[in-house]
Each structure stands twice: as C-alpha cells, then as structure tokens.
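Undergrad: Fold the following and give me the result.
(chains A, B and C)
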Amino acid sequence: MPELPEVETVRCGLVPVMEGALILRAEVNRPDLRWPLPDRMAERLTGATVVTLRRRSKYILVDLSSDETLLIHLGMSGRMLISGPAVTSGKVLGQFYHDHPAPQKHDHIILIMDSGARITFNDARRFGMMDLMPTHAADQHKLLSGLGPEPLGNGLNAAYLALRFAGRATPIKSALLDQHLIAGLGNIYVCEVLHRAHIAPTRLTGSLTQTEIARLVPLIRDVLTEAIAAGGSSLRDYRQTDGELGYFQHRFRVYDREGEPCPTPRCKGTITRITQSARSSYFCPICQL
DNA sequence: AGGTCAACCTGAGCGC
DNA sequence: TGCGCTCAGGTTGACC
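TA: Next comes the predicted model:
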C-alpha cells in the first residue's frame, strides 16, 4: 500500500541484499500483473548483476549489468519479502533474515540471488507492474516520462506550483494526487499535507493565495521526510521478524480518523470524511479553510 | 483541454 | 459460520 515513503523504505531495504549481487534465477509464476510482464523476463534477468537501485516517484528502478533496467511498481498491495541468508558484497546480514518461507498465494515473481537471498514479490490485487527496458532509455519509459517533479527535489517550489495551479478548476486534493503535477504523493499524505497547511481539500487550485501555495511546499517535504524516517526505523524491526518491507505503523493525524477530534492545538473540530473522485478525503472542517 | 469516473483485482472487515 | 456488502494507500484510459 505504498506511497513514496513506503517505496523508498522498500528500496532501502533491498539495497544491501541486491546491489552487487547476481540474479542466479528468476521465477515468474504468471504472465501478467496489471499488464503483461516483459517478454522472456526470467531469461533476461538470469545472470545479471544488480548495479544500482533507484527510485522515481513510486517506481523502483533496478539497473542491471546487462544494460537493462527492471521497473517495478507495487500498486496497491505489492510487497517485497526478503528471506534466506543474505550475504552480499562481503557483508553478512544473515542473522536478520528468516529461512525461506513456504510459498504464499500471490507470490508472483521470485528472484534468487547468488548470496542465497531470495526476494519475493507478492501482490494480491495485482495492481503492481514490472517492465524491462534499456537503461539508457529508462527516463523515456511511457510510465515515467510524464511524471512531475520529485517532491523532495529542487523541482518542487512555490513558483512551479503557482504556475501549475493558476486558473485550474481542480480541487487541491485532486491536483496533489496528480502524478503529472507532483510525482509520489498518494491519498494518505495528501490528506496529511492539507491538514497541516489548513487548506480544505475541496478548495480549487485557482483560488489558492500565494501564501497558501508557499506554505504547501515545506509541508509536503516534512510529511514525506518524517514518513521515510519512520519507515527506516521500523524497517529494522521488520527484518528481525519476517523480512517484509514497507509496512510500518505510522501515526497519521487525520487519515482514517473520521469522528476523532482534530489534532490541531485548540481546534474543537472533528475529523470528517468526504468522497472526492471516488477517494476518501479526511479533513477538519473547522481549521482547514 | 481539462476534469471526472469506471475499471483493473483480491481480501479484510462489518452487519445480519 | 457464512453470506453479502463496502472499502482499500494506484493508475490508466474512456468519456463528458
């Protein structure tokens, strides 16, 4: 159930197991996830060494020694499970990992590394995706080329947002979810950002003042940075238990808190849930204007 | 052109 | 226990 912080957490967890390691074997248990998997996927992965793991928006990019890049999206329910003795790049991490677990329903792709580590991609809802493309052309991939700037990079600033928000008749909630505008925010963190910014999710982007737009930028960074930090710390706990990456307990101020008191100091409001473009928005009608 | 919405899937949780 | 219903953190593409 990944937004940018969860994907980054997964990427960081995979780095010590995958970077520098060779893919001994790939098991591809079905022909498609959301879309058909790439042709001859197992053969093309076999024998390749993982050079780097990168992230763009909610995508993980695995650069291989074969000059191809494996593109991974976890969709709504995609999970990565690390198992087995994880010896890689001379670092022994084996004590953090369980033995290989029994196969589970929805284990769609399994990568067996030369270290003995095994990475299992499990995705019940199958909204995830994988693709393979030449590394030099990765940026031009159809799913990546139209993405907006990274929210934690320099490309996101008040001037950029003001330009993209001007004259549009979209609710701010929808605009912040639009990956072509900003790449990486999802439903939870948009709710959290708007609450901190005291902006109602129903406000139209064109109605936002320069002050409000300027307020959004650092709050977007704060919310994501805090979530990544929380993921990083709980990641250690998960390794000690079952090797599963990316699902951590994180306290949200408004998400999934319908009916609870607004956490804003001195605010007497109650968190309310409304539906916008078929997604739940949680906000405080008193302090978010 | 810009905005909204159904569709893709399975599973969890809840009321009856 | 079980059935039926609703909802779920994403994204595309068809439609207004």
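
Undergrad: For the rest of this, base every contact and every neighbour count on C-alpha atoms.
TA: Noted.

Undergrad: quick one: contacts of stretch A:120-137?
TA: Contact partners of stretch A:120-137, identified using CA atoms under 8 Å, 6 or more residues apart in numbering, comprise A:33-35, A:37-38, A:41, A:63-64, A:67-82, A:105-111, A:141.

Undergrad: what about that stretch, near DNA strand C?
TA: Yes: with CA under 7 Å from any atom of the strand as the measure, stretch A:120-137 is seen reaching DNA strand C through A:F127.

Undergrad: what about burial for the contacts of stretch A:120-137, which qualify?
TA: A:33, A:37-38, A:41, A:63-64, A:68-75, A:78-82, A:106-111 (16 or more other CA atoms under 10 Å).

Undergrad: Could you tell me which of those residues are located in strands?
TA: Counting by DSSP state E, the buried ones among the contacts of stretch A:120-137 place A:63-64, A:68-73, A:78-82, A:107-111 in strands.

Undergrad: from these, which are also near DNA strand B?
TA: Among those, proximity to DNA strand B is found for none (CA under 7 Å from any atom of the strand).

Undergrad: Which residue ranges of the stretch 151-289 of chain A form strands?
TA: With DSSP state E, counting those that start in this stretch applied, the stretch 151-289 of chain A shows strands at A:244-245, A:272-276, A:279-283, listed in chain order.

Undergrad: Please identify the most buried of those.
TA: Of those, the one with the most neighbours on average (mean count of other CA atoms under 10 Å) is strand A:244-245, at a mean of 24.

Undergrad: OK, contacts around whichever residue of chain A sits closest to DNA strand C?
TA: Relative to DNA strand C, the nearest point of chain A is A:G186 (3.2 Å; CA to the nearest atom of the strand). By CA under 8 Å, 6+ apart, the contact set of A:G186 is A:E3, A:L4, A:L177.

Undergrad: Please report how far the residue lying closest to the first one once chain neighbours are set aside lies from A:F252.
TA: This points to A:E3. In space, and not counting its chain neighbours, A:E3 is closest to A:G186: 5.5 Å by CA to CA, 6 or more residues apart in numbering. A:G186 sits 13 Å away from A:F252, going by CA to CA, to the nearest Å.

Undergrad: same question, A:T69
TA: Counting by CA to CA - A:T69 and A:F252 are separated by 34 Å.

Undergrad: how many neighbours does A:K142 have?
TA: If you count neighbours by other CA atoms under 10 Å, A:K142 ends up with 9.

Undergrad: And it, its phi and psi?
TA: With angles defined as degrees, to the nearest 10, A:K142 sits at phi -50, psi -40.

Undergrad: show me where pLDDT drops low in chain A?
TA: Residue ranges of chain A with pLDDT under 70: A:1, A:85-98, A:232-250.

Undergrad: And the helices in it?
TA: A:4-18, A:41-45, A:142-145, A:158-165, A:172-177, A:187-197, A:210-241 (DSSP state H).

Undergrad: what residues does the stretch 101-250 of chain A put near DNA strand C?
TA: So the stretch 101-250 of chain A meets DNA strand C at A:F127, A:L143, A:Q179, A:G184, A:L185, A:G186, A:N187, A:I188, A:Y247 (CA under 7 Å from any atom of the strand).

Undergrad: Which positions in the stretch 51-200 of chain A make contact with DNA strand B?
TA: Contact residues, the stretch 51-200 of chain A versus DNA strand B (CA under 7 Å from any atom of the strand): A:K105, A:A124, A:R125, A:R126, A:F127, A:R168, A:A169, A:T170, A:P171, A:S174.

Undergrad: Switch those over to JSON lines, and while doing so, append distance to A:P263 to every line.
TA: As requested, those are exported to JSON lines (distance: CA to CA, whole Å):
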{"residue": "A:K105", "distance to A:P263": "40"}
{"residue": "A:A124", "distance to A:P263": "34"}
{"residue": "A:R125", "distance to A:P263": "33"}
{"residue": "A:R126", "distance to A:P263": "35"}
{"residue": "A:F127", "distance to A:P263": "33"}
{"residue": "A:R168", "distance to A:P263": "31"}
{"residue": "A:A169", "distance to A:P263": "29"}
{"residue": "A:T170", "distance to A:P263": "27"}
{"residue": "A:P171", "distance to A:P263": "23"}
{"residue": "A:S174", "distance to A:P263": "23"}
